[in-house]
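Visitor: what would the 3D arrangement of this be:
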Amino acid sequence: MTGPRRDPDGELRARLREAAGVHRPDRARILARVERGRAAEDQGAARPRLPDWVRVAGATAAVAGVLVAGGCAVASVVRDDAPARHPVAAPPGSRETGSREAGPLRSSGAVDPHSNEFWAQSNITLGTSTALTALTVELRVAQTGSVTSTGAWRSLPADDFTFTLDERDGFLVYRWTLKAGRTVPAGEWMFAGQYNHERGGRDAGGDRYSAAATAASGPLAVRGGFTPGG
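Guide: Residues are numbered from 1 along each chain as shown. Sure thing, here's the model as predicted:
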């Protein structure tokens with residue numbers, strides 16, 4: 001008569017249950033293994049993990065870069081939208097260092113740089129961009145003491161003008177008048193009055209000049225004072 005059959009699988013399961021009931025896991029060993037595993041993963045990584053403060057700094061720099069780029073773009077837009085600035089021309093007839101402009105006629109006055117302590121010459125430079133059919137130029141030299149005329153000249157033909165010299169109202173007055181039927185061509189021309197004066201430097205602040213002309217566009221006029229000689 002045979003005895004009962006053994007159940008190897010059943011015995012194994014029973015022993016495993018018994019062992020599981022008395023087993024107590026070693027927490028310290030488990031944690032140590034976990035840490036070793038993490039260390040191995042960090043060493044084998046292709047790119048090391050950066051510290052938190054480095055990542056924060058990098059993110060801050062990136063944001064700053066975006067803000068700077070945006071600021072530059074805004075500045076560029078503002079600059080491009082600003083209205084262009086253009087030089088403003090002086091209005092006709094305004095005086096600039098003894099010079100006046102009136103349409104096609106312009107002028108300036110200056111004491112000749114070759115003047116000396118006894119003698120001087122006052123130069124009137126007259127420029128015109130169109131032909132003139134009438135012209136009268138007058139130079140008034142203030143009587144500052146012993147002022148006497150020593151001559152006058154002009155760069156245009158002498159036969160085209162009538163010249164007069166007077167002394168009135170405290171001025172020595174030189175006047176050139178274009179003769180009828182004559183014309184002054186476009187260009188730059190000079191009229192000069194020469195005179196003696198008391199020894200020493202003479203103040204030309206009270207001297208004046210004026211010119212009245214006629215062109216195809218109508219009457220023109222300029223006037224001004226004198227800058228010191230060079």
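
Visitor: what residues does whichever strand or helix holds Phe163 touch?
Guide: In this structure, Phe163 sits in strand 161-168 according to DSSP states H and E. Residues outside strand 161-168 that contact it (Cβ atoms under 8 Å, 6 or more residues apart in numbering) are 143, 149, 152, 154, 172-179, 182. Backbone N, C-alpha and C define where each C-beta goes, glycine included.

Visitor: what residues of it count as buried?
Guide: Phe161 (16 or more other Cβ atoms under 10 Å).

Visitor: mean confidence score for the following helix or strand past that strand?
Guide: Next helix or strand after strand 161-168 toward the C-terminus (DSSP H and E): strand 171-178. Strand 171-178 carries an average pLDDT of 98.

Visitor: ok, strand 171-178: who's next to it in the sheet?
Guide: strand 132-142 (antiparallel), strand 161-168 (antiparallel) (DSSP bridges).

Visitor: closest one to Ala186 among those strands?
Guide: strand 132-142 (8.6 Å; Cβ to Cβ).

Visitor: if you count neighbours, what's buried in that closest one?
Guide: Those would be Leu132, Ala134, Leu135, Thr136, Val137, Glu138, Leu139, Arg140, Val141, Ala142, for strand 132-142 by 16+ other Cβ under 10 Å.

Visitor: out of these, which is nearest to Ser115?
Guide: Closest to Ser115, out of all of the buried residues of strand 132-142 and judged by Cβ to Cβ, is Val141, at 12.0 Å.

Visitor: quick one: that closest one from Tyr195, how far?
Guide: Applying Cβ to Cβ, to the nearest Å, the value for Val141 to Tyr195 is 6 Å.

Visitor: who touches both of the two?
Guide: Common neighbours of Val141 and Tyr195 (Cβ under 8 Å, 6+ apart) are Ser122, Val147, Leu172.

Visitor: nearest to Thr227, of those?
Guide: Out of the shared contacts of Val141 and Tyr195, the member with the shortest distance to Thr227 (by Cβ to Cβ) is Ser122, at 10.5 Å.

Visitor: within the helices and strands, which one has the closest one?
Guide: strand 119-128.

Visitor: what angle sits between that strand and strand 171-178?
Guide: Counting by axes from the mean of the first three to the mean of the last three Cα atoms, to 10 degrees, strand 119-128 lies at 40 degrees to strand 171-178.

Visitor: tell me what strand 119-128 is packed against?
Guide: Under the contact criterion of 3 or more Cβ pairs under 8 Å, 6 or more residues apart in numbering; DSSP states H and E, strand 119-128 touches strand 105-111, strand 132-142, strand 187-196, strand 208-215.
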